[in-house]
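What follows is a predicted structure for the sequence shown.
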Amino acid sequence: MSRQQLRIETRRTLRVALPLIGAQLLQVSNGLVDTLVAGRIDSEALAAAGLGAALWFIGLITCIGLLAGLSPSIARILGERRRRDVGELFRQGLWLALTLGLLVTGLLLLGASQLDHSSLDPVLAARVPEYLIPAAFSLPAAAIVIALRNLCEADGRTAVMLWAQAIGLGVNIVADLGLGLGWFGMPEIGLAGLGWATTAVQWTMALVLMLWVASPRMARYQIFDRFSAPDPRALATLLTLSIPIWLALLFEAGLFTATAAQAGVLGVLPSGAHNIAIGATSFAYMLPLGLSLALTARVGRVHGRRYVPAIRLRIVSGLLLTAVLAGFTAALLFFFRSPIAALYTADPALQQLAAKLLLLAAVFQLSDGMQATLFGILRGLHDTRAPMLINAFSYWCVAFGLGYWFAHHAGFGVEGLWFGLIIGLTLSSILLGVRVAWVVRHYGLTATTAH
């Protein structure tokens, strides 16, 4: 493995990863726009939109996780040079996406109708459905977008995702301001307008990506040349690969949700500082996440060819890129922790505590980035069950368990919760690294042809 090979492979990976990183940043920006506009409506709308978005995100995570096997499966087919099979597999992925989208929509509508029987504050219980009911109708389109994104990632055509997400952000800004605040001569319907804006964004992106896939540029895959009925065997194969990924995503999302809840138990000041730090680090996480998505597809292609030297080359270049990205985001959080905190609040005490947490966030940038990258590599190698178990142990037994003890029994407060995150994420990255090395060494891969 020469330096020249690493440079070439790094450039190739960046060509795939940079549009995905940009798309992820734009996607997070949609949530920021929703939050800013909700705050302009009233304080109750801000709280209700945040809770409604959290419930909607659970539905989105379900679609993302249960469709995550599509990208490595298509990449492997392409690596095996079975181009004609791509269209059939993708059509099965669309059936799965539609089923998931409709199912999750129904569950969210049912949940919205039951909030008045929950333990929520009565005002929130009444206002969350204003956002959640219209937003729920976005999930069938969101699931289709996820399936189309998996196809584009596997094919290495990721720039279209950046353009689709940019168009979606533009639609979201106009619809939020128009329907939420009554700008541009549009009817002002407040919180419900933000929900309909979310639906408009997802259906617009689905249309843009569907037109792209139907264009001559993707004609070689014969995506829409014929109709395919649902194939239970193909769907079961996809779900076998995807369910562990979905569970791993739930473990991760659940960890940060539970940590936020524990910060709330500690008080208003710790909770506010925690939310500021998590909000800032979520943007930083989009860099390794975009890289991870690219590596899933690129490792999956050479895995399909069963060519070990190329797999090792892509793993090493991916890890080097992750280290560079982690150094960049860690430096930003370290040197600009105080100005970042000041963007969120004018309260000096809140700024000071948030800056301390951002310093801790800078510490775990490497481990957080590495665990995302290594998990993406293992997806590309079709190894998902062991990473799921690793994340379950690292996140819940170690990160949450130690964080809870540090915060509530060792007297470290909210900073103790972040000590737990640092230790858990570091352990996860180490164990996932060991798993990657074991899979490459023992997976039975044999060199066939150069990629």
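Now that the structure is in, tell me what you want to look at.

Could you pull up the contacting residues of the closest residue to L51 other than its chain neighbours?
Excluding its sequence neighbours, the residue lying closest to L51 (CB to CB, 6 or more residues apart in numbering) is V128, at 5.3 Å. The C-beta positions use only the backbone N, C-alpha and C, and glycine is treated the same way. Counting by CB atoms under 8 Å, 6 or more residues apart in numbering, V128 touches 48, 51-52, 55, 112, 115, 120.

ok, of these, which one's closest to S271?
S271 lies nearest to L51 out of those, by CB to CB, at 14.2 Å.

didn't the closest one look like it was pressed against L124?
Yes: assessed by CB atoms under 8 Å, L51 is found in contact with L124 at 6.3 Å.

coming back round to it: could you identify the buried members of the contacts of V128?
With neighbours counted by 16 or more other CB atoms under 10 Å, the contacts of V128 contain buried members at 48, 51-52, 55, 112, 115.

possible to save these as CSV with distance to D155 and secondary structure?
Formatted as CSV, these follow (distance: CB to CB, whole Å; DSSP: H, G, I helix; E, B strand; the rest coil):
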residue, distance to D155, secondary structure
A48, 40, helix
L51, 38, helix
G52, 35, helix
L55, 33, helix
A112, 37, helix
L115, 42, helix
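
out of those, who's nearest I61?
Nearest member of the buried ones among the contacts of V128 to I61, counting by CB to CB, is L55, at 10.9 Å.

what sits against that closest one?
108, 111, 128, 132.

V308 and A136: what is the separation?
Relative to A136, V308 is positioned 46 Å away (CB to CB, to the nearest Å).

When these two are compared, which one has more neighbours?
More neighbours surround A136 than the other of V308 and A136, with 26 against 17 (other CB atoms under 10 Å).

Check whether the more buried one really touches L108, as I assumed.
Yes: using CB under 8 Å, A136 makes contact with L108 at a distance of 4.0 Å.

what do the two both touch?
Here A136 and L108 have 56, 59 as joint contacts, going by CB under 8 Å, 6+ apart.

The helix or strand hosting T10: which residues count as buried?
Following DSSP states H and E, one finds T10 within helix 3-41. Residues 9-10, 13, 16-27, 29-31, 33-34, 37-38, 41 are the ones in helix 3-41 that count as buried (16+ other CB under 10 Å).

Equivalent analysis for stretch 122-138, please.
Buried residues in stretch 122-138 (16+ other CB under 10 Å): 124-125, 127-138.

tell me the mean pLDDT for it?
Averaged across stretch 122-138, pLDDT comes to 88.

now the least confident helix or strand in the chain by mean pLDDT against helix 3-41, angle please.
Ranked by mean pLDDT, DSSP states H and E, the weakest helix or strand in the chain is helix 43-66, scoring a mean of 84. Computed by axes from the mean of the first three to the mean of the last three CA atoms, to 10 degrees, the angle separating helix 43-66 from helix 3-41 equals 150 degrees.

List the buried residues for helix 43-66?
45-53, 55-56, 58-66.

CA atoms only: put stretch 147-158 into CSV for me.
Extracted in CSV, the C-alpha atoms of stretch 147-158 (Å, rounded to 0.1, in the frame of the first residue of the first chain):
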residue,chain,number,x,y,z
ALA,A,147,-34.4,4.3,-1.0
LEU,A,148,-33.3,6.6,-3.8
ARG,A,149,-30.4,7.9,-1.7
ASN,A,150,-29.2,4.3,-1.2
LEU,A,151,-29.2,3.7,-4.9
CYS,A,152,-27.2,6.9,-5.6
GLU,A,153,-24.7,6.1,-2.9
ALA,A,154,-24.1,2.6,-4.2
ASP,A,155,-23.6,4.0,-7.7
GLY,A,156,-21.3,6.7,-6.5
ARG,A,157,-23.5,9.5,-7.9
THR,A,158,-23.9,11.5,-4.7
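
Just give the closest residue to F57, not the sequence neighbours.
Excluding its sequence neighbours, the residue lying closest to F57 (CB to CB, 6+ apart) is A253, at 7.6 Å.

how close does that neighbour get to F364?
Using CB to CB, one obtains 17 Å as the distance from A253 to F364.

In the protein, which residue sits furthest out from the middle?
G185 (34.7 Å; CA atoms, centre = their mean).

L177 versus that residue, what's the distance?
Separation of G185 from L177 (CB to CB): 11 Å.

State the mean pLDDT of stretch 334-351.
Mean predicted confidence for stretch 334-351 is 87.

from memory A407 sits against F400, does it?
No: applying CB under 8 Å as the test, A407 and F400 come out as separate, 10.3 Å apart.

Overlap of the contact sets of these two?
Joint contacts of A407 and F400 (CB under 8 Å, 6+ apart) are G420.

about what we covered before: nearest to G318 among the buried residues of stretch 122-138?
Of all the buried residues of stretch 122-138, S138 has the smallest distance to G318: 32.2 Å, by CB to CB.

Any idea how many residues pack against V324?
Neighbour count of V324, defined by other CB under 10 Å: 12.

does it count as helix, strand or coil?
Under the three-state scheme (DSSP: H, G, I helix; E, B strand; the rest coil), V324 adopts helix.

Which pLDDT value belongs to it?
Predicted confidence (pLDDT) for V324: 95.

Against L431, how distant is it?
Using CB to CB, V324 is found at 23 Å from L431.

what's the answer for N391, then?
The gap separating N391 from L431 is 9 Å, by CB to CB.

which of the two has more neighbours?
Neighbours per residue (other CB under 10 Å) separate N391 from L431, with N391 holding more: 26 against 19.

That one against S429, yeah?
No: look at N391 against S429 with CB under 8 Å: they stay out of range, at 10.6 Å.

who touches both of these two?
Counting by CB under 8 Å, 6+ apart, the shared contacts of N391 and S429 are Q371.

For F375, pull up the helix or strand it's in.
With DSSP H and E as the test, F375 turns up in helix 365-380.

Give me the helices and strands touching that helix, please.
With contacts defined as 3 or more CB pairs under 8 Å, 6 or more residues apart in numbering; DSSP states H and E, helix 365-380 has these neighbours: helix 70-79, helix 268-305, helix 308-335, helix 385-392, helix 414-442.

Run the angle between that helix and helix 414-442 for me.
Using the same axes, to 10 degrees: helix 365-380 against helix 414-442 is 40 degrees.
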